[in-house]
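In: when you get a sec, could you give me coordinates for this:
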Amino acid sequence: MPNRPVEIGPAGLHAARAIEHLRLVRGLTQHQLGARCTALGRPMANTALSRTERARRRCDIDDLVAIATGLGVPPATLLLPLPSGPSDDRRGC
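Out: Okay, the predicted model is just below:
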């Protein structure tokens, strides 16, 4: 029986959007964030980040921790709802 790729679920889709949102708010390119992850010991090319943000690549827990650290937020931040407006800034954006 052939292997089927595991679909990215709702939490993964949310994390992908949160990663892109925080990266843009912080004024970072995918290359810059990838370099931060690599410096933290988790090599990550900008293409991997691009695919993660577009939900074309699964984000495993090690990636999530490195990306969150590179963005300067706790990993749980990438799993929480995005703020709805300027007064609801739970993410430190």
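In: which residues touch the residue most central in space within the chain?
Out: Nearest residue to the geometric centre of the chain (Cα atoms, centre = their mean): Ile19, 3.2 Å. Ile19 makes contact with Leu49, Thr52, Glu53, Cys59, Ile67, Leu71, Leu78 under the criterion Cβ atoms under 8 Å, 6 or more residues apart in numbering. C-beta: built from backbone N, CA, C; applies to glycine.
In: quick one: which of these has the most company?
Out: Ile67 (29 neighbours; other Cβ atoms under 10 Å).
In: that residue contacts Leu78, doesn't it?
Out: Yes. The criterion here is Cβ atoms under 8 Å, and Ile67 meets it with Leu78 at 7.0 Å.
In: which helix or which strand is home to Leu13?
Out: Following DSSP states H and E, one finds Leu13 within helix 10-25.
In: Arg42 and Ala76, how far apart?
Out: 18 Å (Cβ to Cβ, to the nearest Å).
In: between these two, point out the one with more neighbours.
Out: Neighbours per residue, other Cβ under 10 Å: of Arg42 and Ala76, the larger number sits with Arg42, 17 against 9.
In: so the more buried one touches Leu64, yeah?
Out: No. Under the criterion of Cβ under 8 Å, Arg42 is not in contact with Leu64, lying 9.9 Å apart.
In: quick check: closest non-adjacent residue to Arg36.
Out: Distances taken as Cβ to Cβ, 6 or more residues apart in numbering put Gly70 closest to Arg36, at 3.5 Å, once the chain neighbours are dropped.
In: next up, the contacts around that neighbour.
Out: Leu33, Arg36, Cys37, Leu40.
In: take those residues and, keeping just the buried ones, write it as a PyMOL select command.
Out: Typed into PyMOL, the line below selects the buried ones among the contacts of Gly70, using 16 or more other Cβ atoms under 10 Å:
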select buried, resi 33+36+37
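In: list the contacts for the spatially closest residue to Ala11 that is not a sequence neighbour?
Out: Nearest residue to Ala11 in three dimensions, chain neighbours excluded: Leu79, at 6.5 Å (Cβ to Cβ, 6+ apart). Contact analysis of Leu79 by Cβ under 8 Å, 6+ apart lists Ala11, His14, Ala15, Ala18.
In: thanks a lot, catch you later.
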